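Chemist: Okay, predicted coordinates and the sequence, questions at the end:
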Amino acid sequence: QMSEQQHDTEPLLSQLQQTVRLHMPSPRHGPQLRVFGERSDRMLGVLEAMGTWVSEFDSSGGMIYASPLIEATLGFTPQEAVTPDCLQFHPDDLAKVIEAGREVRATGGPATSQTRLRHKQGHWIWVSTSLVGWVPAAGGKFHTIAFSRDITALKTAEAAKLESDARYRVVAEMSCDLISEANEEGRITY
């Protein structure tokens, strides 16, 4: 039970703080937890835990930085990834890449895209990318930061669902039986 003093300060705590206080175990200490000294280390650690790699592109579109997680996803080391023409977009997706880049440059706001990149071993990986633009210093040139993650499994599942839906539709249309579908209220929906 909470003491009288804890109860008085409760309205000052956010819902998340209250939930953590009441329901979460104390953090573990020791070698099993990474220690992040700098804010940038913490940010990269969080992004890594989410399966997201970070890339930075200069004003001409050349990659000048890639975080280490790019290797686990695309097979290229960060050093390989920053070499010209290392990353190859699927030809069918180039228009999406160009449009997202234009949007960031024109509006200064973020843009997102889902495209395919060639893995080092030659197969295609679907990635979801969020782009933001920034100018690194006063008088500097425009740079783009990309936050990318592998969504190949999601795209594969979507394709399998579409194929299954199409197969069901063909079977239903070719069947001599009456097939119907009703919602919770009993109304025929198909």
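Modeler: It's in.

Chemist: Stretch 94-112: how far from the chain's middle?
Modeler: Relative to its chain's centre, stretch 94-112 lies at 16 Å (C-alpha atoms, centre = their mean, to the nearest Å).

Chemist: Would you point out the helix or strand in this structure whose mean pLDDT is lowest?
Modeler: Between all helices and strands in the chain, the lowest mean by mean pLDDT, DSSP states H and E belongs to helix 4-9, at a mean of 50.

Chemist: Give me the distance from stretch 44-56 to the chain's centre.
Modeler: Mean C-alpha position of stretch 44-56 versus that of the full chain (C-alpha atoms, centre = their mean) differs by 9 Å.

Chemist: Identify the residues contacting it?
Modeler: Under the criterion C-beta atoms under 8 Å, 6 or more residues apart in numbering, residues 34, 36, 63-70, 73, 81, 143-150 lie in contact with stretch 44-56. C-beta: built from backbone N, CA, C; applies to glycine.

Chemist: Ends of it, what's the gap?
Modeler: 13 Å (C-alpha to C-alpha, to the nearest Å).

Chemist: buried stuff in that stretch?
Modeler: L44, L47, E48, T52, W53, V54, S55, E56 (16 or more other C-beta atoms under 10 Å).

Chemist: now stretch 76-89
Modeler: Using 16+ other C-beta under 10 Å as the test for burial, stretch 76-89 gives F76, P78, A81, V82, C86, L87, F89.

Chemist: next one: stretch 58-73
Modeler: M63, A66, S67, L69, I70, E71, T73.

Chemist: And stretch 151-159, by the same measure?
Modeler: By neighbour count with 16+ other C-beta under 10 Å, stretch 151-159 contains the buried residues I151, K155.

Chemist: gap between that stretch and the chain center?
Modeler: Centroid separation between stretch 151-159 and its chain, computed with C-alpha atoms, centre = their mean, is 13 Å.

Chemist: Tell me the bridge partners for the spatially most central residue of the chain.
Modeler: For the chain, R149 is the residue whose C-alpha lies nearest the centre (C-alpha atoms, centre = their mean; 4.4 Å). When bridges are called by DSSP bridges, R149 pairs up with T52, S128.
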